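*Asks:* Sequence unavailable; structure follows:
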């Protein structure tokens, strides 16, 4: 059968190859696919007792559920604004990869508060017997997250009466955050880049995600978006919101577009990073409860100048790319595109004036000094060129009243971004080298 991207299939072949000294494997497929590939094939001996927690969920996305108004209810988000705390629907998929029946199988689920000191939810679901090669889904229950900002941990653990031979794959921890303003579906860490087909290299395009509004009187002030290395600083970007016509299939109506803004180097991402640029709307965009919106960021100069990072997977028809004027494809991985339901503008404006990055002299020729206030420690300074490449990198020694001198004599004349990163914050300043 077919599998999701980066997934795998398992087949018990004991009855075919047991006792055979020479084995040949042949693979074939029947169907139409964008691509088809097999990698990392392994033959291994089964353990007696080996349960595997294959997948967990705290959502219940099912477009075909007649009880759901829009079909986009219960998508998983990594960040929820405090005005829209989610009802979590907890489940886990468990497989018996051993050769013996497993008894007393249970999926235990704990939800801990933002400091890990209080158990908010503790429930289990299971079965008396799980036969070899059988996969089952267990649903421990539902839980309404409180409207209190913070990080919440969801711990899933599968257990059985027998002694487990490989316990490392019996536990999965998920995290959900209640934020002041941010609504995010990506996993908050870049794990890929979307590379459009070459025929669209110079075509203006948009990428984005579907979002369901579950609260009253919500207004989107801005959109946060990441870009990936290979993008060009200064390239024009914009944000837009489309309202989905649920009864009209995937028909959408554009309800808001931001002004065009230049791409900033602080939004660059490589694997493992989580950097975004805030693109504001001229006025807050009012949104309707129980309505679905496609929120996108557009690159007017096309993929030759702007590439977008991906983070996590997207169910079908929940993330999209659009090549102008009207060529749409859905994505199976999630772009770093987020909604902000409050007056978020830039990272610096959320910090006190004393915590701003100071760079001088500017313009510079031979060297530039960077001041870091004493309350910000364990920092690194990066200097990016207009291609998003790091041309200077220095580690700051912790201490008060830090000043660092950066040699700019070898830098070509032009515009650069000086970026400070530390303690979960980002400060930046534009630098001109003459």
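*Replies:* Arrived safely. Since we're looking at a predicted model, the values are computed, not measured.

*Asks:* Contacts for the helix or strand bottoming out on mean pLDDT in the chain next, please.
*Replies:* Scoring the helices and strands of the chain by mean pLDDT, DSSP states H and E places helix 14-17 at the bottom, with a mean of 76. The contact list for helix 14-17 (Cβ atoms under 8 Å, 6 or more residues apart in numbering) reads 23, 43, 46, 99. Heads up, the C-betas are built off the backbone N, CA and C, glycines and all.

*Asks:* which other helices and strands contact the following helix or strand past that helix?
*Replies:* Using DSSP states H and E, the helix or strand that follows helix 14-17 in sequence is strand 51-57. Applying 3 or more Cβ pairs under 8 Å, 6 or more residues apart in numbering; DSSP states H and E, we find strand 51-57 packed against strand 87-96, strand 102-112, strand 150-159, strand 171-179.

*Asks:* Make CSV from these and add mean neighbour count, distance to residue 297 and mean pLDDT to it.
*Replies:* Shown next, in CSV, are these (neighbours: other Cβ atoms under 10 Å; distance: least, Cβ to Cβ, whole Å; pLDDT from 0 to 100):
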stretch, mean neighbour count, distance to residue 297, mean pLDDT
strand 87-96, 21, 28, 96
strand 102-112, 20, 33, 96
strand 150-159, 19, 26, 95
strand 171-179, 17, 19, 94
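
*Asks:* which stretch among these comes nearest residue 73?
*Replies:* strand 87-96 (9.5 Å; Cβ to Cβ).

*Asks:* which secondary structure elements does that closest one contact?
*Replies:* Under the contact criterion of 3+ Cβ pairs under 8 Å, 6+ apart, strand 87-96 touches strand 51-57, strand 102-112, strand 119-130, strand 135-144, strand 150-159.

*Asks:* before we move on, the earlier item: of the contacts of helix 14-17, just say which sits nearest to residue 79.
*Replies:* residue 46 (40.6 Å).

*Asks:* I figured that closest one was touching residue 99, is that so?
*Replies:* Yes. Counting by Cβ atoms under 8 Å, residue 46 touches residue 99, with 4.4 Å between them.

*Asks:* Can you name the residues that contact residue 73?
*Replies:* Residue 73 neighbours (Cβ under 8 Å, 6+ apart): 60, 61, 65, 212.

*Asks:* a markdown table for the residues you listed, including pLDDT, neighbour count and distance to residue 155?
*Replies:* A markdown table is the format used below for the contacts of residue 73 (pLDDT from 0 to 100; neighbours: other Cβ atoms under 10 Å; distance: Cβ to Cβ, whole Å):
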| residue | pLDDT | neighbour count | distance to residue 155 |
| --- | --- | --- | --- |
| 60 | 93 | 18 | 19 |
| 61 | 93 | 19 | 22 |
| 65 | 89 | 12 | 27 |
| 212 | 97 | 23 | 26 |
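
*Asks:* quick one: terminal-to-terminal distance for stretch 224-231?
*Replies:* Stretch 224-231 has its terminal residues 16 Å apart, counting by Cα to Cα, to the nearest Å.

*Asks:* Show me how far that stretch is from its chain's centre.
*Replies:* From the chain centre to the centre of stretch 224-231 is a distance of 13 Å (Cα atoms, centre = their mean, to the nearest Å).

*Asks:* What are the contacting residues of that stretch?
*Replies:* In contact with stretch 224-231 (Cβ under 8 Å, 6+ apart) are residues 182, 190, 193, 237, 239, 263, 267-270, 274-279, 297, 305-309, 335-340, 344, 388-389.

*Asks:* avg pLDDT for stretch 413-421?
*Replies:* For stretch 413-421, the mean pLDDT works out to 81.

*Asks:* List the buried residues for that stretch?
*Replies:* Buried residues in stretch 413-421, defined by neighbour count with 16 or more other Cβ atoms under 10 Å: 416, 417, 418, 419, 420, 421.

*Asks:* State the helix or strand in which the last one lies.
*Replies:* Same thing as residue 421. Applying DSSP H and E, one finds residue 421 within strand 414-422.

*Asks:* Low-confidence stretches in the stretch 201-350 of the chain?
*Replies:* 248-251, 343-350 (pLDDT under 70).

*Asks:* how about a cut-off of 50?
*Replies:* 345-350 (pLDDT under 50).

*Asks:* just the helices in it please.
*Replies:* Read by DSSP state H, counting those that start in this stretch, the stretch 201-350 of the chain holds no helices at all.

*Asks:* Start and end of stretch 79-86, how far apart?
*Replies:* Stretch 79-86 has its terminal residues 10 Å apart, counting by Cα to Cα.

*Asks:* next one: stretch 109-118
*Replies:* 14 Å.

*Asks:* what does stretch 142-152 give?
*Replies:* Across stretch 142-152, first to last residue, Cα to Cα, it's 15 Å.

*Asks:* Give me the distance between the closest residue to residue 13 other than its chain neighbours and residue 109.
*Replies:* Closest residue to residue 13 apart from its sequence neighbours, by Cβ to Cβ, 6 or more residues apart in numbering: residue 43 at 7.8 Å. Note on residue 43: its distance to residue 109, by Cβ to Cβ, to the nearest Å, is 34 Å.

*Asks:* go on, residue 434?
*Replies:* Distance from residue 434 to residue 109, by Cβ to Cβ: 60 Å.

*Asks:* on that earlier part again, turn the helices and strands packed on strand 87-96 into JSON lines, including distance to residue 408.
*Replies:* JSON lines is the format used below for the helices and strands packed on strand 87-96 (distance: least, Cβ to Cβ, whole Å):
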{"stretch": "strand 51-57", "distance to residue 408": "50"}
{"stretch": "strand 102-112", "distance to residue 408": "48"}
{"stretch": "strand 119-130", "distance to residue 408": "52"}
{"stretch": "strand 135-144", "distance to residue 408": "54"}
{"stretch": "strand 150-159", "distance to residue 408": "40"}
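
*Asks:* Please consider this matter closed, and thank you.
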